[in-house]
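Chemist: Quick one: sequence plus predicted model below, questions after.
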Amino acid sequence: MTDKEKLPTWCSGEKWCPLTATTNLISKKWHPVIIHRLLEEGGTGFNQLKKDVGGISSKVLSESLEDLENKNIISREVISEKPFRVKYSLTDRGQQLEPAINEMIKWGRENLKEASDKDESVV
């Protein structure tokens, strides 16, 4: 990938840090979940993605998809105008996040357990 294809990302401090830049890119609450669902399902429509993510409002999903599209992590393809249907898919750049997402899942399985209620959660 050439420098022209890379996303310019700011880091705090004196040096540019790829870890900080990547974390800032996907750190919004729903971004990794959306990416994971698209990795599992491939291309999908808005309503199916909302169902698959679970617990996300339409507004937040729409904003998250727009943000990920602007960062060239996902692509949006209009399937039909009437009725209006859109398909969201991962770009090549988004597909490259698969190892990181899988490692997050692996770490979670090894180090976390399901909480019996929200007050018990580490989040």
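Modeler: Structure received. Numbers count the residues shown, from 1 in each chain.
Chemist: Which residue ranges of this protein form helices?
Modeler: 18-26, 31-41, 46-53, 58-70, 92-95, 98-111 (DSSP state H).
Chemist: and these as a markdown table, adding mean pLDDT, distance to Phe84 and mean neighbour count?
Modeler: Every C-beta, even on glycine, is put in place using the N, C-alpha and C of the backbone. Converted to a markdown table, the helices of the chain look like this (pLDDT from 0 to 100; distance: least, Cβ to Cβ, whole Å; neighbours: other Cβ atoms under 10 Å):
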| stretch | mean pLDDT | distance to Phe84 | mean neighbour count |
| --- | --- | --- | --- |
| helix 18-26 | 78 | 28 | 14 |
| helix 31-41 | 94 | 20 | 18 |
| helix 46-53 | 93 | 10 | 16 |
| helix 58-70 | 95 | 13 | 15 |
| helix 92-95 | 95 | 23 | 16 |
| helix 98-111 | 90 | 30 | 11 |
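Chemist: how near is the residue most central in space within the chain to Cys17?
Modeler: Central residue of the chain (Cα atoms, centre = their mean): His31, 3.0 Å from the mean position. Distance of His31 to Cys17, given as Cβ to Cβ, to the nearest Å: 19 Å.
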